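Visitor: Quick one: sequence and predicted model below, then my questions.
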Amino acid sequence: MSKTLIFSPRSIPLDDAWDVIVVGGGPAGCTAAVAAAREGAKTLLIEATSCLGGMGTAGLVPAWCPFTNKEQIIYGGLAERILRETMQGMPHVSKDRFDWTPIDPERLKRVYDNLMLTHGVSVLFNTLLAAVDLEGDNRVGAIITASKAGLKAFSARFYVDCTGDADLAVWAGAAFEKGEPETGELQPASLCFIISNVDTYAYQFKKPERSGEGESVIDCILTSGKYPEIPDNHFCNNLLGPGMVGFNAGHIWNVDNTDPFSVSTGLMRGRKMADAFQRGLAEFFPEAFANSILSATGSLMGIRETRRIIGDYVLTLEDYLARRKFYDEICRNAYFIDVHWTHQEIDQNRQDPGWFEKKSYRYEKGESHGIPYRCLTPRGLSNVLVAGRSISTDRPVQGSTRVMPVCLALGEAAGCAAGLALQEGTTDVHQVDVFSLRSRLKQWGAYLPEVEETLPMKDRQENATKNE
């Protein structure tokens, strides 16, 4: 049994001047804060690192997942605005490239900064959520933060949890699931990185996936046996600018973002892996990488899953496969089921190159499914919303909804809902008028097709049966 320390009585400074507090400044947190402020709420955004944007900036993810359903942009509103404003500073990117669009992380930081300044959001960097204080059984009264200023309490009428791991909601008592239901195994992590001084012409003319003597470059690297730090052929890469290539490559298993020791170990392994990738590319793709250098590794580990809250609705693979509509859907999603593989799956399917596609269930052109507002409302908490990769879904669907374009749309919906709750005078996020919410989101450019008038009752009946 681990030892415990009981704090001596102490007082902590309290700042209770806020209507809405958003915790976590990744994609979901940024749009949540802007949307809440846009509705007139005095909004504070608390971020653990020194910049906004999460995996798209500090994490160095080199490209956005698709913004379209292969026909049109479906992550509209703030998500589309952020995409387009980032693209404006990347002249080498086609103006109509909305799927797998490369990311300039430094420009994206400024895009997020400008959004906060434009909408009057107060931002607090380098500040960690440390504890949650309850006011009654189902209401958060305050949160405790830790920074160079020590411990400080903040209080608001509503909170939006965009921590990625549902820290605020879970510490307040929300029910959750984590990882694979039977084993608890989590998807592997990745540490993204940038290689610079690359020969841009050679890279574009003879992409790494197609290089080598009949094999891709990554297969040549793995077959050589010279780079044991590289465990598998996960090898996404994009040209970020002249001579600069960003990589989301390699997997790091047994990383749990709720366990700081495992993350610390994973970061060190990831940096070794990034170095091995650069050396392997220099050897097996010298036309482009002979004179290259490893110029940056992410300061954030790329975490694909931890906790998923249990909300008023749990979105399931059945819903995904049915391309389902919901009376209270607050965005649409077209990304495939992208659950990264275990060591065992790699060994079992090594001879079947199409095995991953078989479980990806990719949509056809124009197809998408809805995400209901009820996936953002944790059961048992009245003034907390959750947005980002920890919303209420089953594990397969979380593999689809966890990516950045979806998180941008989810955050805008959560922030808008918090702002509308203030306007409506309710103290319970579960009671927000979802039809007003949908209407408001559409006014701001969200892609929300009409739903059948008869759907609400049918939807409620099916939901009651599914989630009993």
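Guide: Yes, it's here. Residues are numbered from 1 along each chain as shown.

Visitor: partners of the lengthiest strand in the chain, with directions?
Guide: Ranked by residue count, the top strand of the chain under DSSP state E comes out as strand 150-161. Strand 150-161 pairs in its sheet with strand 14-23 (parallel), strand 140-147 (antiparallel), strand 384-386 (parallel), by DSSP bridges.

Visitor: Next secondary structure element downstream of the first one?
Guide: Read in the C-terminal direction, the helix or strand following strand 14-23 is helix 27-38, with elements assigned using DSSP states H and E.

Visitor: following that following helix, which helix or strand shows up next?
Guide: strand 43-46.

Visitor: for the next helix or strand after that next one, packing partners?
Guide: For strand 43-46, the following helix or strand on the C-terminal side (DSSP H and E) is helix 78-87. With contacts taken as 3 or more CB pairs under 8 Å, 6 or more residues apart in numbering; DSSP states H and E, helix 78-87 sits against helix 27-38, helix 105-119, helix 404-424. Yep, even glycine has a C-beta here, placed from its N, CA and C like the rest.

Visitor: How about residues contacting helix 78-87?
Guide: Contacts of helix 78-87 with the rest of the structure, by CB atoms under 8 Å, 6 or more residues apart in numbering, involve 27, 30-31, 34-35, 64, 67, 73, 75, 93, 95, 97-98, 101, 103-104, 107-108, 111-112, 115, 405, 408-409, 411-412, 444-445.

Visitor: Can you get me the start-to-end distance on stretch 426-445?
Guide: Start-to-end span of stretch 426-445 (CA to CA, to the nearest Å) is 25 Å.

Visitor: typo on my end, stretch 126-141
Guide: Per CA to CA, stretch 126-141 runs 22 Å from first to last residue.

Visitor: Pull the residues that contact it.
Guide: Here stretch 126-141 has contacts from 23, 46-50, 142-148, 151, 153, 155, 159, 163, 167-168, 171-173, 380-384, 427, using CB under 8 Å, 6+ apart.

Visitor: Let me know whether Ile391 touches Ile310 as I believe.
Guide: No - using CB atoms under 8 Å, Ile391 makes no contact with Ile310, being 10.5 Å away.

Visitor: Among the two, which residue is more densely surrounded?
Guide: Ile391 (32 against 17; other CB atoms under 10 Å).

Visitor: Where does pLDDT dip in the protein?
Guide: By pLDDT under 70, the low-scoring segments of the chain are 1, 209-214, 350-351, 453-468.

Visitor: report the longest helix in it, please.
Guide: helix 260-284 (DSSP state H).

Visitor: centre of the chain versus whatever helix or strand comes next after it, how much separation?
Guide: Later in the chain than helix 260-284, the nearest helix or strand by DSSP H and E is helix 286-289. Helix 286-289 sits 33 Å away from the centroid of its parent chain (CA atoms, centre = their mean, to the nearest Å).
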